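The following comprises the amino acid sequence and a computationally predicted model.
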Amino acid sequence: MSPARPAHAALPWYQTVTVMIIAGCLVAIVNFGVRSTFGFFTLPISEAHGWPREIFSFAIAIQNLVWGIATPVAGMLADRYGSARVLMAGAIVYAIGVLLMSVTATPVMFNLAGGLLVGVGIAFSSFSIVMAALGRIVPPDRRSWAFGIATASGSLGQFIFAPLGAMLVSAYGWQQALTVLAGLTLLIVLFAAPLLSQNTSGRRPTADEADLTMKAAIGLAFGHRSYILLVSGFFVCGFQLAFITVHMPAYLAEHGISREFAGWAMALIGLFNVVGSYVSGIIGGRGEKHVPLAFIYLIRAVITAGFVLLPVTQVTTLIFTCSMGLLWLSTVPLTMGLVTVMFGTRYMATLYGFVFVSHQLGSFLGVWLAGRLYDQFGSYDIVWWMSVGLGVFAFLVNLPIREQRAPRFAAA
Amino acid sequence: MKLSGHRLALALFLGVIALWLVGMAVVMRHAALPPEASGTMLAVFEPGTPEDEVFASLTRADARIVKPSGLSFIWVVSSDEPGLAGKLRREGALGAYRELPVSPVIAGCFAFADAKVANLAQ
C-alpha cells in the first residue's frame, strides 16, 4: 500500500477537480461529435463502392444496437477497473473502427468496422462512463451539475462536429476525412489521462454504501421498483428522440418545409440541447430529480400534441425544435442522478448502462416502427400520437419513483 | 486552477468554440479552389456589393446560378467550362470555394472570412 499523501500536499495541476471535469467534458465532446458526422458519409461511401444506401444504414443500425448492448459491459469494466482505462480502450477501438471504415471494400467488413467496432468504441468511450468518473470525483452537492456539464458537452460536440465533418469530406474527400476523424478520436486517450488518478472504483465502498458484489448489486437493482420505473421511462426518451432525428426531416418535407429550413430547425435542436442539458443538471442538484424528470416527459407530450394539431409552418417548426431541444438530453443528468441516489457511486456506470439499454431499444423501435407504420398508413400521424402517449406514460411511471437509497444499498 | 461551476462551463464552452473556429478556418482554406476549377462552387463577394453588380459579375464569368446562400454576397454557382474559379476572381469575387454539404450561410460565413484573410495576406 502506498503511503497516503499528506493533507497539505498540493495536487499536480492535472489532478485537480477542475482539470478532471474539463478532461471529462472534452472526452464527451469528441465521443459524441465524431459519431454525429457519419451521416455525411452515406452518399460518398455508397457511391464509391457502388453499394445501395441500405448497406451503410445497416452498419449504422448495428452500431446503435451494439452501442446499447455494450454500454452495461463498459459500465461493469469501468466500475471494476476505473473509467479512464475503459475510456482509453474505447477510444482506440473507436479510432480503429473509423479508420477501417475508410479502407474496407466489402459490406461484411464495413459492418464489422462501422457497426461492431465503432459501436463498441462509442459505448466504451461514452459520456456515461465520463459521468461515472465525474460522479466519484465531485462532492455529492455538485454531482448533478457535473452530470449536466458532461451531457451538455456531448451535445456541444454533436453541434460543432457536424459542420466540421461535412467540410472535411468536402475539402479532403471521404477517406481522408475518416482518417482525420480517427485521429481526433484518439484525442480521447489524452483527455482521459487526468481521470486515471481517480480510479477509486473496485475498491472499498464509500462510508454510506453497503459492501455488495457487482452481481448482487445488479440483481438487487432489478428487484427495486423505482429502478424498473426509471428504466421504463428512459425507453420513451429513446423512442421520441430517435423518431424525431430520423423521420422529422421527411415529415417537414411532406408539409412543404424546405430542406434548408428543416436543416436549420434540426440544428437548433442541438444548440438548445446544450442549454437544456446544463440547466437540467443544475435543477437536479437543487431538489428532487424524479419530479422534473417526469415533467420533462409530460411537457414533451404536450409540445408534440400541439405540433401535430397545429398546421405545420416555419414558426411552429421552430417552436417545436427549440423547445424539444431544451428537453432533448435533459433527461440524462436527472436519470444518472437518480441511479446514484438509489445505488450510490460504486456501480453507477453498470446500473446506468442497463438503463441505457432500455433507451437504445426505444431508439430502435422509434426508428423502425415509424418507418413501418408510415409504409402501412402513408402518414406519421399515428407515430406522433404514440410519442404523445408514451410521454404521458413516462410521466406517470417517473412520478412514483422513491428518491432514496435502495434497501440493502445503504451501509448497515 | 479553480473555477466556479458556471464560470468553468462558460470558459469551457468559449474555449471549445474558439478551437472549433480555428479548425473550421483551416478546413476552409483547403476548400478554396484553384483558378482552373469548374463545377459547382460558392462565389464570395464583398459584403454590401449591390445585387445587380453581383449578377453582372456572375454573368461575365459565365457562371450559372444554382441557388442563393441566404447571404446576398454569397451565391452557389456552377459552370462546366474549366476555369470558373479564376474567372469569378477576375470579375470581382473575393474567392471561390467548394460547395460544402453544410448550410450555405455557415459555409458562406467561413468562406468570406477565409477569402478576406487570404486577400489581405497577398
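Structure received.

anything in stretch A:275-294 near chain B?
Yes. Using CB under 8 Å from any CB of the partner chain, we find that stretch A:275-294 touches chain B at residue A:278. The way it works is simple: take the backbone N, C-alpha and C, and place the C-beta from them, glycine included.

contacting residues around that stretch?
Stretch A:275-294 has contacts (CB atoms under 8 Å, 6 or more residues apart in numbering or on different chains) with A:141-149, A:151-152, A:154-155, A:233, A:296, A:325-335, A:337-338, A:341, A:394-396, A:398-399, A:401, A:403, B:9.

Buried ones in that stretch, by neighbour count?
A:275-285, A:288-290, A:292-294 (16 or more other CB atoms under 10 Å in any protein chain shown).

again, but for stretch B:92-107
B:92-104, B:106-107.

Identify those among those residues that sit within helices.
Using DSSP state H, the subset of the buried residues of stretch B:92-107 located in helices is B:104, B:106-107.

what's the closest of those to residue A:137?
Comparing those against residue A:137 with CB to CB places residue B:106 closest, at 35.9 Å.

Check the gap between the closest one and chain A for me.
For residue B:106, the distance to chain A equals 6 Å [CB to the nearest CB, to the nearest Å].

Report the spatially nearest residue to that residue, omitting neighbours in sequence.
Spatially, and ignoring its direct neighbours in sequence, residue B:106 is nearest to residue A:163 (5.7 Å; CB to CB, 6 or more residues apart in numbering or on different chains).

Give me the neighbour count for that neighbour.
By other CB atoms under 10 Å in any protein chain shown, the residues close to residue A:163 number 23.

ditto for residue A:404
A count of neighbours around residue A:404, defined by other CB under 10 Å, yields 11.

Need the pLDDT of it.
In this model, residue A:404 is scored at 92, pLDDT.

Who are the packing partners of the host helix or strand of residue A:388?
Assigned by DSSP states H and E, residue A:388 belongs to helix A:381-398. If you count contacts as 3 or more CB pairs under 8 Å, 6 or more residues apart in numbering or on different chains; DSSP states H and E, helix A:381-398 packs onto helix A:225-254, helix A:290-309, helix A:348-377.

how about the CA coordinates for the shortest one, as PDB?
So the one you mean is helix A:290-309. Presented in PDB, the C-alpha positions along helix A:290-309 are these (Å, rounded to 0.1, in the frame of the first residue of the first chain):
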ATOM      1  CA  HIS A 290     -37.800  12.500 -10.400                       C
ATOM      2  CA  VAL A 291     -40.300  15.300 -10.400                       C
ATOM      3  CA  PRO A 292     -38.600  17.500 -13.000                       C
ATOM      4  CA  LEU A 293     -37.800  14.300 -15.000                       C
ATOM      5  CA  ALA A 294     -41.500  13.300 -15.000                       C
ATOM      6  CA  PHE A 295     -42.400  16.800 -16.100                       C
ATOM      7  CA  ILE A 296     -39.900  16.800 -19.000                       C
ATOM      8  CA  TYR A 297     -41.700  13.800 -20.400                       C
ATOM      9  CA  LEU A 298     -45.100  15.400 -19.900                       C
ATOM     10  CA  ILE A 299     -44.000  18.700 -21.500                       C
ATOM     11  CA  ARG A 300     -42.600  16.700 -24.400                       C
ATOM     12  CA  ALA A 301     -46.000  15.100 -24.800                       C
ATOM     13  CA  VAL A 302     -47.800  18.400 -24.700                       C
ATOM     14  CA  ILE A 303     -45.400  20.100 -27.200                       C
ATOM     15  CA  THR A 304     -45.700  17.100 -29.600                       C
ATOM     16  CA  ALA A 305     -49.500  17.100 -29.400                       C
ATOM     17  CA  GLY A 306     -49.500  20.800 -30.100                       C
ATOM     18  CA  PHE A 307     -47.200  20.400 -33.100                       C
ATOM     19  CA  VAL A 308     -49.300  17.700 -34.600                       C
ATOM     20  CA  LEU A 309     -52.600  19.500 -34.000                       C
END
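
how far is it from where the chain is centred?
Offset of helix A:290-309 from its chain centre (CA atoms, centre = their mean, to the nearest Å): 20 Å.

Nothing else from me, thank you.
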